[in-house]
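Colleague: the following block contains a protein sequence and its predicted model.
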Amino acid sequence: MRKIIILLNIIILVNFTANCQTKKLNTKEVVKTEFGNILDSLEVNGSILIYDVKNKIYYSNDFSWAKTGVIPASTFKIPNSIIALETGIIKNDSAIFKWNGEKRRFKSWEEDLTFKKAFQVSCVPCYQEIARKVGVKRMKKYLRKLDYKGMVFDTLTIDNFWLEGNSKISQKQQIDFLRKFY
């Protein structure tokens, strides 16, 4: 039951509606120049991609960019969390990651964290611990099951492949993954 609650919380984070379908969709793409203005005002290059599940419409300032693969970074917390729960490495959202006292990149990571809190603060060391415990073989198996393509890793990169290296996923692929998962 707790797995279901955690997974529902993850899904809520992506703000999907109940009309999501997993079959091939006939979608429409609508250019929204105001998204580009937002990024320009922040002096950021890239795209914003939003998917309207009910109306099957993608909105973006740059569909070419939205379909270009980039390193997954913190978005990989979602499949990493699912895999942690499915393999039993994490039992529930109250599971504790013990902090070893070492200095970490962010102050919010420098304490014992529940799984829920580790997700909220995007605690990289916690997710690296999960990936090491999952291991290469199981990680590949579960990523295949989740249809989460483009991840490149081995025993040397199991705990950082979503942060650096050759792993790539596009904004469009991320939305498709979340849609199918939902």
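Modeller: That came in fine, so what should we check first?
Colleague: do a quick rundown of the helices in this structure.
Modeller: With DSSP state H as the criterion, the chain has helices at 2-13, 33-41, 63-66, 77-87, 115-120, 124-145, 171-181.
Colleague: what bridges to Val31?
Modeller: Ser60 (DSSP bridges).
Colleague: and the gap between the most centrally placed residue in the chain and Lys180?
Modeller: Nearest residue to the geometric centre of the chain (C-alpha atoms, centre = their mean): Thr75, 2.6 Å. Applying C-beta to C-beta, to the nearest Å, the value for Thr75 to Lys180 is 15 Å. For every residue, glycine as well, the C-beta is placed using N, CA and C.
Colleague: OK, contacts around the residue nearest to the centre of the chain?
Modeller: Residues near Thr75 by C-beta atoms under 8 Å, 6 or more residues apart in numbering: Ile169, Gln174.
Colleague: let the chain start at 617 from now.
Modeller: In the new count, where the first residue is 617, that last one comes out as Thr691.
Colleague: any idea how far Ile791 is from it?
Modeller: Thr691 sits 11 Å away from Ile791, going by C-beta to C-beta.
Colleague: out of the helices of the chain, which is closest to Asn716?
Modeller: With C-beta to C-beta as the measure, helix 740-761 is the member of the helices of the chain nearest Asn716 (8.9 Å).
Colleague: for the closest one, buried residues please.
Modeller: 740-747, 749-750, 752, 755, 758-759 (16 or more other C-beta atoms under 10 Å).
Colleague: just name the closest of those residues to Val669, please.
Modeller: Nearest to Val669 among the buried residues of helix 740-761 is Leu759, at 23.6 Å by C-beta to C-beta.
Colleague: thought that closest one was touching Val768?
Modeller: No - between Leu759 and Val768 there is no contact under C-beta atoms under 8 Å: 10.8 Å.
Colleague: ok, the residue nearest to the centre of the chain to Asp775 distance?
Modeller: Thr691 is 17 Å from Asp775, where distance means C-beta to C-beta.
Colleague: swap in Ser697?
Modeller: Counting by C-beta to C-beta - Ser697 and Asp775 are separated by 15 Å.
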